[in-house]
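Chemist: Based on what follows, work out the 3D shape:
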Amino acid sequence: MLEVDYLIVGAGAMGMAFADTLVAETDATVALVDRYGRPGGHWTVAYPYVRLHQPSAFYGVNSRELGTGEVDRHGGNAGLHELASADEILTYFDQVMHKTLLPTGRVSYFPMSVHDGPDPARPDVQRCHSVVSGAEFGIRVRRRTVDATYMNVTVPAMCPPRYDVGPGVRLITPNELPSLEAASSHYTVVGAGKTGIDACLWLLRHGVDPADLTWIMPRDAWLLDRAQIQPGPEFAAVRAESLSARVRAVLESDTIDELFQRLEANGSLLRLSSDVTPTAFRCATVTRSELAQLRRIPDVVRHGRVRRIGADTVELDGTTVPARPGTLYIDCTADGLEPRPTVPVFSGSGITLQALVPCQQVFSAAFAAHVEAAYEDDAEKNRMCTPAPHPSTALDWLRAAAHIDDLMLRWSADRGLREWSDASRLTTRSTGSLSEEQRAVLLERLHAEKDQLQKLLAQEEMTVAAT
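Modeler: This next block holds a predicted model:
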């Protein structure tokens, strides 16, 4: 029976980021058990044209750069740092596993395997089995079992659509778009998230007339301008101005509606249509060039979620609309950021990886590993690692911003945590270039911003309660 200090269940992005930091900062032995045949989690089944929505420089594990650090020269991301493709990400995680982790001699890797839970007779032994041979095996865990699957990231290829599909309806996942053999008279993208955005842009990029494209959008969402989330000294001024503009908008707003107006006016947030107020926020990023392409689509259906697609009609929450003959539907409704209740990250013999910084899963996992390595008391570890639920509604932009402010204020009081965070290649919020005086001013502003955000949220709760 294998005996290790840590068992990590899941070799996706969070599991790999946790393992990388833990192995780098301790002498611990680690076993990784994963259901896929190669490391990378959901990336192993993602649609082939997918790319990161954030610069490659902020993704992966701490010890190894992803990408070349180049700036794209053409396409919708021109002028900004490169976005790794699915193939690049899978190759990268394969290199992390086989060139960084396994060569230490302290890491064991079990692909195509499933974690079945603790042995009823021996709680310190975790039972697993191979999905290929069926062979069962046990792993004795001396310290902790790390759940790197809790966030339950899914992509369309992993689950059926959540609505009825009538006979004769042609519906595919985004994975099947690149293998189309003939044009369709009309295309309908179902889903408004990152996957829906990617599918619409892919179709437009391949010459589909916008008039032949329908986009079913249950909720409009506020979008982030990717130009404001860039690494490197050449974007330092942009980052500083973006932060200042955001804080000013918060401090100068007396209502939530006024805040969103200010955030849009200063470019912190973008939206698809100027006459539709977004009710969602899911951390999706676009460039202004990509947004201009999406705005070319004239037929955007906003009547809630799809209930049924039939040969002649599409039934939605709010109405039924006619179906165009010859339509190919692309299902983009899998919830990659499924709402999950937050639980303590550190609890006895277990660690449950979650987003500490909203929508920054790999940094959060690496940070949790550092805290596990550097601190002894679980109460203190959990105080430093307060998880945040995935944002969903527009109000969650305020909650996420207040949560991040609170974390930065908390971490800044611990010199070791602050220095580790500033040095991490995965953080989008480094303060390492600031002087002590500048950092003090920043923290004062973040404290004021957090207080104002909480005040605005409290006003909204009182308004809802009154109605």
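
Chemist: Would you map the helices across the stretch 351-467 of the chain?
Modeler: In the stretch 351-467 of the chain, the helices defined using DSSP state H, counting those that start in this stretch lie at 361-374, 378-384, 395-412, 415-423, 436-466.

Chemist: Need these in a markdown table (columns: distance to D147).
Modeler: To be clear about C-beta, it is placed using only N, CA and C from the backbone, and glycine gets the same treatment. Compiled in a markdown table, the helices of the stretch 351-467 of the chain are given as follows (distance: least, Cβ to Cβ, whole Å):
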| stretch | distance to D147 |
| --- | --- |
| helix 361-374 | 11 |
| helix 378-384 | 15 |
| helix 395-412 | 21 |
| helix 415-423 | 23 |
| helix 436-466 | 30 |
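
Chemist: Deepest-packed of these, please.
Modeler: Neighbour counts (mean count of other Cβ atoms under 10 Å) averaged over each of the helices of the stretch 351-467 of the chain peak at helix 361-374, with a mean of 25.

Chemist: other SSEs contacting that one?
Modeler: In terms of contacts (3 or more Cβ pairs under 8 Å, 6 or more residues apart in numbering; DSSP states H and E), helix 361-374 is packed against helix 13-25, helix 378-384, helix 415-423.

Chemist: at 10 Å instead, please
Modeler: Other helices and strands packing on helix 361-374, by 3 or more Cβ pairs under 10 Å, 6 or more residues apart in numbering; DSSP states H and E, are strand 2-9, helix 13-25, strand 136-147, strand 346-347, strand 350-352, helix 378-384, helix 395-412, helix 415-423.

Chemist: gap between the residue lying farthest from the centre of the chain and E3?
Modeler: Here the chain has its C-alpha centre computed as a mean, and the residue farthest from that point, by Cα atoms, centre = their mean, is A121 with 38.0 Å. When distances are taken as Cβ to Cβ, to the nearest Å, A121 and E3 turn out to be 16 Å apart.

Chemist: just to revisit the earlier point, so for the residue farthest from the centre of the chain, what's the pLDDT?
Modeler: Note on A121: pLDDT of 91.

Chemist: What of L102?
Modeler: According to the model, L102 scores 98 on pLDDT.

Chemist: In a strand, it, correct?
Modeler: No. When DSSP: H, G, I helix; E, B strand; the rest coil is applied, L102 is found to be helix, with no strand at that position.

Chemist: Does the closest residue to it other than its chain neighbours belong to a helix, a strand or coil?
Modeler: Distances taken as Cβ to Cβ, 6 or more residues apart in numbering place Y109 nearest to L102, at 6.4 Å, with adjacent residues excluded. State at Y109, reduced to three classes by three-state DSSP: strand.

Chemist: Y109 touches P103, doesn't it?
Modeler: No. Using Cβ atoms under 10 Å, Y109 is not in contact with P103, being 11.7 Å away.

Chemist: Which residue of the two possesses the greater neighbour count?
Modeler: Neighbours of Y109 and P103, each counted by other Cβ atoms under 10 Å, are more numerous for Y109; the result is 19 against 10.

Chemist: In contact with L83, which residues are there?
Modeler: With contacts defined as Cβ atoms under 10 Å, 6 or more residues apart in numbering, L83 is in contact with 50-56, 59, 67, 72, 75-77, 226, 285.

Chemist: Am I right that it is in a strand?
Modeler: No. Secondary structure assignment places L83 outside any strand; it is coil (three-state DSSP).

Chemist: can you pull out the helices in the stretch 51-200 of the chain?
Modeler: Secondary structure of the stretch 51-200 of the chain, counting by DSSP H, counting those that start in this stretch: helices at 86-95, 194-205.

Chemist: Which one of the helices and strands packed on helix 361-374 lies nearest to V33?
Modeler: Evaluated with Cβ to Cβ, the helices and strands packed on helix 361-374 place strand 2-9 nearest to V33, the distance being 5.6 Å.

Chemist: And the helices and strands packed on helix 361-374: which comes nearest E82?
Modeler: Going by Cβ to Cβ, the one of these nearest E82 is helix 13-25, 17.5 Å.

Chemist: Report the rounded mean pLDDT for that closest one.
Modeler: Helix 13-25 comes out at a mean pLDDT of 98.

Chemist: Show me what it is packed against.
Modeler: For helix 13-25, the elements it packs on are strand 2-9, strand 30-33, helix 86-95, strand 107-110, strand 136-147, helix 361-374, judged by 3+ Cβ pairs under 10 Å, 6+ apart.

Chemist: Flag every buried residue along the third one.
Modeler: When burial is assessed from 16 or more other Cβ atoms under 10 Å, helix 86-95 yields the following buried residues: A86, E88, I89, L90, Y92, F93.

Chemist: Now the residues you listed in a markdown table, please, with extra columns for pLDDT.
Modeler: Putting those into a markdown table (pLDDT from 0 to 100) gives the following:
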| residue | pLDDT |
| --- | --- |
| A86 | 95 |
| E88 | 97 |
| I89 | 97 |
| L90 | 97 |
| Y92 | 98 |
| F93 | 98 |
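
Chemist: What is the nearest of those to A280?
Modeler: Using Cβ to Cβ, A86 is the member of these that lies nearest A280, at 25.0 Å.

Chemist: mind listing what the residue at minimal distance from the centre of the chain touches?
Modeler: Centroid-nearest residue in the chain: C359, 4.3 Å away (criterion: Cα atoms, centre = their mean). With contacts taken as Cβ under 10 Å, 6+ apart, C359 has the following neighbours: 53-54, 224, 281-285, 337, 388, 390-391, 400, 428.

Chemist: Please flag which of those residues sit within strands.
Modeler: Counting by DSSP state E, the members of these that fall within strands are L224, F281, R282, C283, A284, T285.

Chemist: wait, which of those is closest to G267?
Modeler: Comparing the ones in strands among the contacts of C359 against G267 with Cβ to Cβ picks out L224 as the nearest, at 10.1 Å.

Chemist: For the closest one, which non-adjacent residue is spatially closest?
Modeler: On the basis of Cβ to Cβ, 6+ apart, the spatially nearest residue to L224 that is not a chain neighbour turns out to be T285, at 4.4 Å.
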